[in-house]
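1. got a predicted model here, sequence first, then my questions.
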Amino acid sequence: MPNQDTISKRIRETRRQLGLSQAQLARPELSDSYISLIESGSRTPTPSVLKLIATKLGCSVDYLLHGVATDQVTEIRNGIETARSLLEKGAREAAREQYEKMLSNPNIARMPELRAEGEYGLALATEACGRLDDAIGILVGLRERQADTLTDELRIASALALSRCYRDRGDVEAAIDVAEQEIARMGETGWTDHLIELGSTLLSSYYGRGDLLRAQQLAAELLAAAEKLGTPRAIIAANWNAAHLAEAIGQFEEALTLIDRAWAERSNYDDLRNKARLRVAYAQLRLRIRPDEAEECRGQLLKAEHELRETAASSLDLADCLLSLARAEVELGNAEQAVDYGRKALEANAGASSELQAEIEVLRGQAYLMLGRIQEATAAIESAMDVLAGEPQNKMTAETWLGVAAVLQGTGDNEGSKLAYQRAMECSGV
């Protein structure tokens, strides 16, 4: 809400410009003293009173609130809505350009709520383009500049996006810090859909750091809160991430039960991007636990690929889906197709996530090995090792190092395989 002193000043100045007294502005609907209190900033007009005063002054409510004419406010609102629509349809770059255009309008500086909405949208569009560092910069700036004026919903949403970007960039500690601080700040009001989604992102970061005990504690809390709320968003978020954790600690049947619980709610879910990402997660988990279902999983992943291209999903989401398609083809014995999907995954990632790049290279190494193309398998694994050398030691990098060890052993490089296995143990804290 705009500053009351600014609104009072605009009412007073506009009245004087028109040559009206406070009594003339007030009567017959209001009292002279009421107008005096409003103009001094001692009383905040209700929306109906503000509309009445605007009508009497021959201006718009938007002008009294923001100092901007209604047509200018409408132009910015419509422009932001156009950007949002472009992003939801998968036109990521066009959406980013449209958000930037709206944010360059000098009038938006007078409308902090619209500016915050525009900056948040720009961050999502920038993330969707795979530019994680830029998206992080936008979100940090938004949260610092408007720390005291963000709505609760936008505060949590921006924290979730920032935590997710940090996590996907490989900075797990920063991801955890953002999420923990926001949950501590907002958690006193009790769990909501938005907080459970943020908590689920935190859960995935705990898992990535290898902090399984804390992850299990949070997962239990989130699952209980989600069932109590009973909303599709909460149930999907909590069960989805708890499923990945259950798989990580070897509770495979529990993992399948949890992902099935999330999957059962998908028809009640209106977030198209996350709906597509859930399809990927569902297929990924089943593929890893029940590789004999690879053909069915491939079908789900092909649907997800189409959905991701038609929604606000990021290029990293697409790369992750393509990587899973490559895995499905490996399980089905289709090494050439796996190599092709691996190439497409690398193109979609474009180096945005080094962790994902390493995973893709390991998969390509496996596929080349299946084809007997040892030189290309070795080149892919060397590329993966170059990336992993600069990555933090955590559970995620440990799993990738294990993949490196397996491929090196297949190429006959037993010494290299042994060293890669040792790196995996170091990353696991063993």
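-> Done, it's in. Numbers count the residues shown, from 1 in each chain.
2. so what touches the helix or strand of the chain with the lowest mean pLDDT?
-> Least confident helix or strand, the chain: helix 61-66 with a mean of 80, by mean pLDDT, DSSP states H and E. Residues outside helix 61-66 that contact it (CB atoms under 8 Å, 6 or more residues apart in numbering): 2, 7, 10-11, 14, 47, 50-51, 53-54, 57, 68-70, 72-73, 107, 110-111. From N, CA and C alone the C-beta is placed, and that goes for glycine too.
3. what's the following helix or strand after it?
-> Next in sequence after helix 61-66, counting helices and strands by DSSP states H and E, comes helix 70-88.
4. check the offset of that next one from the chain's centre.
-> Relative to its chain's centre, helix 70-88 lies at 21 Å (CA atoms, centre = their mean, to the nearest Å).
5. which elements pack onto it?
-> helix 61-66, helix 92-103, helix 112-128 (3 or more CB pairs under 8 Å, 6 or more residues apart in numbering; DSSP states H and E).
6. among these, which is the most enclosed?
-> Ranked by mean neighbour count, the helices and strands packed on helix 70-88 are led by helix 112-128 with a mean of 24 (mean count of other CB atoms under 10 Å).
7. could you give the angle of that one to helix 92-103?
-> Compare the direction of helix 112-128 with that of helix 92-103 by axes from the mean of the first three to the mean of the last three CA atoms, to 10 degrees and you get 160 degrees.
8. could you list every helix and strand in contact with the next helix or strand after helix 112-128?
-> Sequence-wise, the next helix or strand downstream of helix 112-128 (DSSP H and E) is helix 132-145. Secondary-structure packing of helix 132-145 (3+ CB pairs under 8 Å, 6+ apart): helix 112-128, helix 152-169.
9. how distant is the longest one from the center of its chain?
-> Computed by CA atoms, centre = their mean, the separation of helix 152-169 from the middle of its chain amounts to 6 Å.
10. what are the buried residues along the helix or strand residue 422 falls within?
-> Assigned by DSSP H and E, residue 422 belongs to helix 414-428. Neighbour counts over helix 414-428 (16 or more other CB atoms under 10 Å) mark 416-417, 419-421, 423-424, 427-428 as buried.
11. adding distance to residue 271 and pLDDT, write these out as CSV.
-> Listed next are the buried residues of helix 414-428 as CSV, based on distance: CB to CB, whole Å; pLDDT from 0 to 100:
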residue, distance to residue 271, pLDDT
416, 44, 95
417, 43, 96
419, 44, 96
420, 39, 95
421, 40, 95
423, 38, 94
424, 36, 93
427, 33, 88
428, 34, 79
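12. farthest-separated two in those?
-> Spatially, the most separated pair among the buried residues of helix 414-428 is 416 and 428, at 18.9 Å (CB to CB).
13. I figured residue 361 hits residue 378, correct?
-> No: between residue 361 and residue 378 no contact is recorded; they are 11.2 Å apart, counting by CB atoms under 8 Å.
14. those two - which one has more neighbours?
-> residue 361 (27 against 19; other CB atoms under 10 Å).
15. what sits closest to that one if chain neighbours are left out?
-> Nearest residue to residue 361, sequence neighbours excluded (CB to CB, 6 or more residues apart in numbering): residue 384, at 3.7 Å.
16. same question, residue 77
-> Closest residue to residue 77 apart from its sequence neighbours, by CB to CB, 6+ apart: residue 114 at 6.7 Å.
17. now residue 425
-> residue 398 (7.6 Å).
18. what does residue 241 give?
-> In space, residue 241 is closest to residue 200, 4.2 Å off (CB to CB, 6+ apart).
19. same for the helix or strand harbouring residue 259, what does it pack against?
-> Under the criterion of DSSP H and E, residue 259 resides in helix 252-264. In terms of contacts (3+ CB pairs under 8 Å, 6+ apart), helix 252-264 is packed against helix 232-248, helix 272-289.
20. same thing but at 10 Å, please
-> Helices and strands touching helix 252-264, as assessed by 3 or more CB pairs under 10 Å, 6 or more residues apart in numbering; DSSP states H and E, comprise helix 212-229, helix 232-248, helix 272-289.
21. now the last one: buried residues?
-> Read that as helix 272-289. Quick answer for helix 272-289 (16+ other CB under 10 Å): 272-287.
22. which strands or helices does whatever helix or strand the residue nearest to residue 361 lives in pack on?
-> Using DSSP H and E, residue 384 falls within helix 374-388. Judged by 3+ CB pairs under 10 Å, 6+ apart, helix 374-388 is in contact with helix 335-349, helix 354-370, helix 395-411, helix 414-428.
23. what angle separates the first one from helix 354-370?
-> Helix 335-349 runs at 160 degrees relative to helix 354-370, counting by the same axes, to 10 degrees.
24. identify each buried residue in helix 335-349, please.
-> Buried residues in helix 335-349 (16+ other CB under 10 Å): 335, 337-342, 344-346, 348-349.
25. turn those into JSON lines, including distance to residue 406 and pLDDT.
-> Formatted as JSON lines, the buried residues of helix 335-349 follow (distance: CB to CB, whole Å; pLDDT from 0 to 100):
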{"residue": "335", "distance to residue 406": "15", "pLDDT": "97"}
{"residue": "337", "distance to residue 406": "20", "pLDDT": "98"}
{"residue": "338", "distance to residue 406": "15", "pLDDT": "98"}
{"residue": "339", "distance to residue 406": "17", "pLDDT": "97"}
{"residue": "340", "distance to residue 406": "21", "pLDDT": "98"}
{"residue": "341", "distance to residue 406": "19", "pLDDT": "98"}
{"residue": "342", "distance to residue 406": "16", "pLDDT": "97"}
{"residue": "344", "distance to residue 406": "23", "pLDDT": "97"}
{"residue": "345", "distance to residue 406": "19", "pLDDT": "97"}
{"residue": "346", "distance to residue 406": "20", "pLDDT": "96"}
{"residue": "348", "distance to residue 406": "24", "pLDDT": "95"}
{"residue": "349", "distance to residue 406": "22", "pLDDT": "93"}
